[in-house]
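Undergrad: just a sequence and a predicted model for now, questions to come.
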Amino acid sequence: MSSTHDPVLVCISILIAVAASYTALDLAGRIRASQGWLRRVWLATAAVAMGGGIWAMHFVAMLAFRMPGMHLDYHVGLTLLSFLVAVVVTGAGFAVMSRARGALPLLGAAGAFMGLGIVAMHYLGMAAMQMAAELSYHPLWLGISVVVAVGAATAALWLASRDQHPAERIGAAVLMGIAIAGMHFAGMRAAIFTMLPGAHMIEAPSVSQTTLAISVSMAAFLILFLALVAAMFDRRFALLAQREAEALRRSEEQFRALYRGTPLPLHALDPDGHIEHVSDAWIELLGYAREEVVGRPLINFLTEASARQLIQRDWPELLAAGALDQREYRVVTKSGAFLDVVSAARVERDAAGGFVHVVGGLTDVTDRKLAEEALRQAQKLEAIGQLTGGIAHDFNNLLTVILGNLELLRKRLPDDPRTRRLVENAFEGAQRGASLTQRLLAFARRQDLRPEPIAVAELVRGMTSLLQHSLGPMVRVETHFPLGLPPAQVDANQLEMALLNLAMNARDAMPDGGIIDISATERAVDGEFADLAAGRYVKLVLSDTGFGMDEETLARAVDPFFTTKGVGKGTGLGLSMVQGLVAQSGGRLTLRSALGRGTVAELYLPVAEGAEQALPAPPLPAPMPSRRLTVLAVDDDALVLANTAAMLEDLGHRVIPAVTASEALGLLRGGLSVDLVVTDQLMPEMTGLELATAIIEAWPRIPVLLVTGLVDFEVKAGQSIRILGKPFAQDDLATAIRDVAASASVIRLKQRRES
């Protein structure tokens, strides 16, 4: 029998299908963007919206169906079952879609399942129709409805798995809605209604089909509208959250960039002490790549002792107190070097008091600790130097007495070879003691230096024969000097002694023989060495082919009394004396050595300014004949005073002793007439130089001979003062007296001419 459809309700059903399709596509985006329980909520919402929308479209289209002369009604149970089937199969399809991630096989299987479920929903709804007719289906149109349902469901899931532009979503929703409606009307086209003869309708309460269709449509549109509104708000909230996350990410990136770019070596640690972030300065300090550091424990970059200190003491204290003041550690760089660092740290917590991370930093104090150690060593050496200088002064006084008395005794000895040999041995021992005293004074930088322009090349060549004989036949001495080498401002005798010391050390380092090479060059220095002023220097180099020194020995080589030689084979003052000489001369000693590679000693000696070349000193005039003088001898040491007086008397002079400078001045003020004053330098109340100055001011014609082992002063030009170093022999004393007497005679002659 023929049937008709209400065109208004048909249009409404198609609109419901389109709206449901659009809502489902929109909600699918929320499913993909959500996680956890929120994903399940949006999945259920999409299932109700899509499944309920399809069912509502189907039900309204069924209500649009008309058969003349036949009353239609619907079974409530089957109708509700068809609704549940639509919702369940749609939800299952969207659940597979959300996990398929665009995989076509899974989407195809889910689309087939969802399409067949929609077909089942449709024919369950058809079965819910109650009427006085028999219902059958045309196989072709039945198959077409199934194909359309599966195709529409698959297309819906494929479109839902993709991100779409709103315009694309609207077009897809229209096509899907038409396809869903086409599936329904294809199924209706397949239905064949055959009236039952004499059949009558079952009496059942019913409402107007149009009214029911409008009610269902309104409910469907309301549900879909609410779902779209919820999706819109969720999208808005998600957008705000995304913006906040993006802003937070940018802030974190800026913080990370600022953190990394800070000039300080900073690090951030997690609760277990593993590194989360480090600054570029931290990376540069330790020499690692960032990926080699992040994620590793901080203790991996500390020495064993520092790691134990951090684990056992500092880390628990930091977590308990929330901050840690500066603590010292030793870190190990990638190259294996050790650095001394100072580190402070603080625990960062969130608003709720939860642990975030530990922020700390490293300050490299390696250079500072080295400087402090160098200062301590310098202070120690300075103290040793002062002590050594004082001991050397007292020892000089003793040697002066011993040498003087031995010399006088030697003159008065009977002609006994054995006795004379004993005296000569004692005299030689005293002289060796005097040499040791000079080394002590050189270390203390208080020896009597007379720097003058010296041609270094000539000096070395002049002592080559001495060196060769002293070193033995197993050692060969080679010299290399350039032409035009400027003269050096240095004490020639002390430089010879320094070179002899260095050569002897080189010989001892070459027990099987070898080569000693001595060379010199001019060198301009401008800030290369902290202890050397800028200027021109003669760089005198002595190198050997010996077995060299290790780092520990090299570091202590110039320490006083340090020696690697056997007992009785060295005093440990040779290199100390060399260092004292060059330092007091305004230069520098540098040692370079390695095991098996020999040793190189470099002496930086200042160039003698204003002297193009070192000329030999003109010969001194012959000393004037000695005559009997009246000498005022002043010394606070009774033994030294007695020795000096004995030597002077043995030379034929008359001696008046005085034990203090005040006593000497008192004698002169009392009218004592003397030809010469011989005074010690270090005396209580008034030094020898102060006494000499007072005598010259009051009695300018009286010359003064100043006897000392230390020279910490300068004699003004024009003063008739001669200096005699301790210990001295009688010949040295006689020569000094003749020189000072000659100078005094010249001065008196000049004064007479001026008068």
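TA: Okay, I see it.

Undergrad: and the closest residue to residue 221 other than its chain neighbours, what element?
TA: Spatial nearest neighbour of residue 221, chain neighbours left out: residue 19 (6.5 Å); criterion: CB to CB, 6 or more residues apart in numbering. All C-beta spots, glycine's among them, are computed from the backbone N, C-alpha and C. Assigned by DSSP states H and E, residue 19 belongs to helix 7-33.

Undergrad: helices or strands next to that helix in the packing?
TA: If contacts are counted by 3 or more CB pairs under 8 Å, 6 or more residues apart in numbering; DSSP states H and E, helix 7-33 sits against helix 37-63, helix 76-100, helix 139-160, helix 166-190, helix 209-261.

Undergrad: highest average neighbour count across those helices?
TA: Greatest average neighbour count among these goes to helix 37-63 (a mean of 24), per mean count of other CB atoms under 10 Å.

Undergrad: how far away from the center of its chain is that one?
TA: 66 Å (CA atoms, centre = their mean, to the nearest Å).

Undergrad: tell me the mean pLDDT over that helix?
TA: The predicted model assigns helix 37-63 a mean pLDDT of 75.

Undergrad: okay, the angle between that helix and helix 139-160?
TA: Angle between the axes of helix 37-63 and helix 139-160 is 150 degrees (criterion: axes from the mean of the first three to the mean of the last three CA atoms, to 10 degrees).

Undergrad: now for helix 37-63, which elements pack on it?
TA: helix 7-33, helix 76-100, helix 104-127, helix 166-190, helix 209-261.

Undergrad: got those as CSV, with mean pLDDT and distance to residue 524 columns?
TA: Formatted as CSV, those follow (pLDDT from 0 to 100; distance: least, CB to CB, whole Å):
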stretch, mean pLDDT, distance to residue 524
helix 7-33, 73, 75
helix 76-100, 76, 80
helix 104-127, 75, 82
helix 166-190, 69, 81
helix 209-261, 70, 41
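
Undergrad: closest one to residue 336 among those helices?
TA: helix 209-261 (25.2 Å; CB to CB).

Undergrad: pull the distance from the helix or strand that comes right after that closest one to the chain's centre.
TA: Once the chain leaves helix 209-261, the next helix or strand it forms, by DSSP H and E, is strand 266-269. Its chain's C-alpha centre and that of strand 266-269 lie 14 Å apart, by CA atoms, centre = their mean.

Undergrad: strand partners of whichever helix or strand comes after strand 266-269, parallel vs antiparallel please.
TA: Sequence-wise, the next helix or strand downstream of strand 266-269 (DSSP H and E) is strand 275-278. In the sheet, strand 275-278 lines up against strand 266-269 (antiparallel) (DSSP bridges).

Undergrad: I figured residue 335 hits residue 285, correct?
TA: No. With contacts counted by CB atoms under 8 Å, residue 335 stays clear of residue 285, the gap being 11.7 Å.

Undergrad: which one of those two is surrounded by more residues?
TA: Each of residue 335 and residue 285 has its neighbours counted (other CB atoms under 10 Å); residue 285 has more, 19 against 7.

Undergrad: quick one: residues contacting the residue sitting nearest the centre point of the chain.
TA: For the chain, residue 285 is the residue whose C-alpha lies nearest the centre (CA atoms, centre = their mean; 2.7 Å). With contact set as CB atoms under 8 Å, 6 or more residues apart in numbering, residue 285 has these partners: 265, 333, 339, 362, 364.

Undergrad: what segments of the stretch 601-750 of the chain are strands?
TA: Using DSSP state E, counting those that start in this stretch, the strands found in the stretch 601-750 of the chain span residues 630-634, 654-658, 676-680, 704-708, 721-725.

Undergrad: ok, which of these comes nearest residue 608?
TA: Across those, residue 608 has its closest neighbour in strand 721-725 (21.5 Å, CB to CB).

Undergrad: if we can go back for a sec, Throw the strands of the stretch 601-750 of the chain into JSON lines and include distance to residue 49 and mean neighbour count, thanks.
TA: Compiled in JSON lines, the strands of the stretch 601-750 of the chain are given as follows (distance: least, CB to CB, whole Å; neighbours: other CB atoms under 10 Å):
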{"stretch": "strand 630-634", "distance to residue 49": "124", "mean neighbour count": "23"}
{"stretch": "strand 654-658", "distance to residue 49": "127", "mean neighbour count": "17"}
{"stretch": "strand 676-680", "distance to residue 49": "119", "mean neighbour count": "25"}
{"stretch": "strand 704-708", "distance to residue 49": "114", "mean neighbour count": "24"}
{"stretch": "strand 721-725", "distance to residue 49": "115", "mean neighbour count": "20"}
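
Undergrad: let's have those in a markdown table, adding distance to residue 119 and mean pLDDT.
TA: Converted to a markdown table, the strands of the stretch 601-750 of the chain look like this (distance: least, CB to CB, whole Å; pLDDT from 0 to 100):
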| stretch | distance to residue 119 | mean pLDDT |
| --- | --- | --- |
| strand 630-634 | 137 | 93 |
| strand 654-658 | 141 | 93 |
| strand 676-680 | 132 | 92 |
| strand 704-708 | 127 | 88 |
| strand 721-725 | 127 | 82 |
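
Undergrad: ok, which of those strands comes nearest residue 692?
TA: Residue 692 lies closest, by CB to CB, to one member of the strands of the stretch 601-750 of the chain: strand 704-708, at 4.0 Å.

Undergrad: that closest one - contacts with which helices or strands?
TA: Using 3+ CB pairs under 8 Å, 6+ apart: strand 704-708 touches strand 676-680, helix 688-698, strand 721-725, helix 730-754.

Undergrad: residues in contact with that strand?
TA: For strand 704-708, the external contacting residues (CB under 8 Å, 6+ apart) are 448, 635, 644, 676-682, 688-689, 691-692, 695-696, 715, 720-726, 728, 736-737, 740.

Undergrad: using CSV, list the CA coordinates for that strand.
TA: Extracted in CSV, the C-alpha atoms of strand 704-708 (Å, rounded to 0.1, in the frame of the first residue of the first chain):
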residue,chain,number,x,y,z
VAL,A,704,136.3,56.4,59.1
LEU,A,705,136.6,52.7,58.2
LEU,A,706,133.3,50.9,58.7
VAL,A,707,133.5,47.2,59.4
THR,A,708,130.4,45.1,58.8
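
Undergrad: how big is the angle separating it from strand 630-634?
TA: Comparing the axes of strand 704-708 and strand 630-634 via the same axes, to 10 degrees yields an angle of 30 degrees.

Undergrad: between strand 704-708 and helix 688-698, how big is the angle?
TA: 170 degrees.

Undergrad: so residue 288 sits right up against residue 334, yeah?
TA: Yes. With contact defined as CB under 8 Å, residue 288 counts as touching residue 334 (5.0 Å).

Undergrad: so how many other residues sit close to the closest residue to residue 675 other than its chain neighbours?
TA: In space, and not counting its chain neighbours, residue 675 is closest to residue 629: 4.0 Å by CB to CB, 6+ apart. Neighbour count for residue 629, taken as other CB under 10 Å: 17.

Undergrad: same check, this time on residue 472
TA: Per other CB under 10 Å, the neighbour tally for residue 472 reads 9.
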